[in-house]
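1. need a structure here:
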Amino acid sequence: MIDNGRFAMRFRSMAASVLLGCALCVAPAALGAGASSLAIQPCPEVNDPPDYKISNGAKAWMKTNLRSDYLRGPGTITYNKTTTSSVNASITGTTSAEAGVIFAKASVSLAVSVGASYSKADSWSYAATVPAGKTLRLQQYKEGRSFTVQKYRIVPPCKVKYLWKKNAVAPVKSPSYLWQLVG
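-> Numbers count the residues shown, from 1 in each chain. Purely as a prediction, here's the structure:
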């Protein structure tokens, strides 16, 4: 005859051992899965294309293609022509598509519209006095902005990696000019 009390106790002991063993097997797997789902995932910007940071914006005067002949002073030098004034931005080692993105970012950052080039057809007239003993000519300058551009991208785990840093000068998209005597 089987003792029901002993059998029940033995059954409960075996069941507890089996359940404890299963818990010990399942818990690390569950914790491992939970731990990996709780791990820091890379930020979504990691998959974004490179971007550009604009800094150190300042007014700059850029030489245009308009200039007079030289005059030995004393005397008055006059520039009087109907022609097109033009100037191009200066940034080395970039494609035209990349430069376009940079100038768009710079326009926002500098709060003034700049571009890869600027030209204006007009009648230009300016005069200045050349002092005695000097040989000078008139040079037209176009208002622009100089700035620093840094290309960067976001890399895991959400860190900024700078790819390059360059200086640029771009003309402002408004008709602001300056004439000066130069040697």
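
2. what's around residue 127, how many residues?
-> Taking other C-beta atoms under 10 Å as the criterion, the count of residues near residue 127 is 12. Backbone N, C-alpha and C define where each C-beta goes, glycine included.

3. what does residue 153 give?
-> Neighbour tally, residue 153, other C-beta under 10 Å: 16.

4. cool, and residue 143?
-> Around residue 143 there are 20 residues (other C-beta under 10 Å).

5. residue contacts, the nearest residue to residue 155 once chain neighbours are set aside?
-> Of all residues not flanking residue 155 in the chain, residue 161 sits nearest, at 4.7 Å (C-beta to C-beta, 6 or more residues apart in numbering). Counting by C-beta atoms under 8 Å, 6 or more residues apart in numbering, residue 161 makes contact with 152, 153, 154, 155.

6. Who wins on neighbours among those residues?
-> residue 154 leads the contacts of residue 161 on contacts (other C-beta under 10 Å) with 18 neighbours.

7. Sticking with the residue nearest to the spatial centre of the chain, tell me its helix or strand.
-> What sits nearest the mean C-alpha location of the chain, by C-alpha atoms, centre = their mean, is residue 52, with 1.5 Å. In the assignment (DSSP states H and E), residue 52 maps to strand 51-67.

8. Just checking: what are the partner strands of that strand?
-> For strand 51-67, sheet partners with direction are given as strand 135-155 (antiparallel), following DSSP bridges.

9. Just the mean pLDDT for the partner strand, thanks.
-> Across strand 135-155, the average pLDDT comes to 97.

10. after that strand comes which helix or strand?
-> Using DSSP H and E, the helix or strand that follows strand 135-155 in sequence is strand 159-171.

11. in that next one, what's buried?
-> For strand 159-171, burial by neighbour count (16 or more other C-beta atoms under 10 Å) applies to 166, 168, 169, 170, 171.

12. And for stretch 176-183?
-> Buried, per 16+ other C-beta under 10 Å, within stretch 176-183: 177, 179, 181.

13. Name the surrounding residues that touch that stretch.
-> By C-beta under 8 Å, 6+ apart, the surrounding residues in contact with stretch 176-183 are 61, 64, 67, 77, 79, 85, 126, 128, 130, 134-143.

14. Of these, keep whichever come out buried.
-> 61, 64, 77, 79, 85, 126, 128, 130, 136-143.

15. from these, which is closest to residue 120?
-> For these, the minimum distance to residue 120 (C-beta to C-beta) is 5.3 Å, reached by residue 85.

16. and the closest one, what helix or strand is that in?
-> Here residue 85 sits within strand 75-88, counting by DSSP H and E.

17. which non-adjacent residue is nearest residue 153?
-> Using C-beta to C-beta, 6+ apart and skipping residues adjacent in sequence, the residue nearest residue 153 is residue 50, 4.4 Å away.

18. Who are the contact partners of that neighbour?
-> 151, 152, 153, 163.

19. can you check residue 69 too?
-> Contact analysis of residue 69 by C-beta under 8 Å, 6+ apart lists residue 137.

20. Alright, calling it a day.
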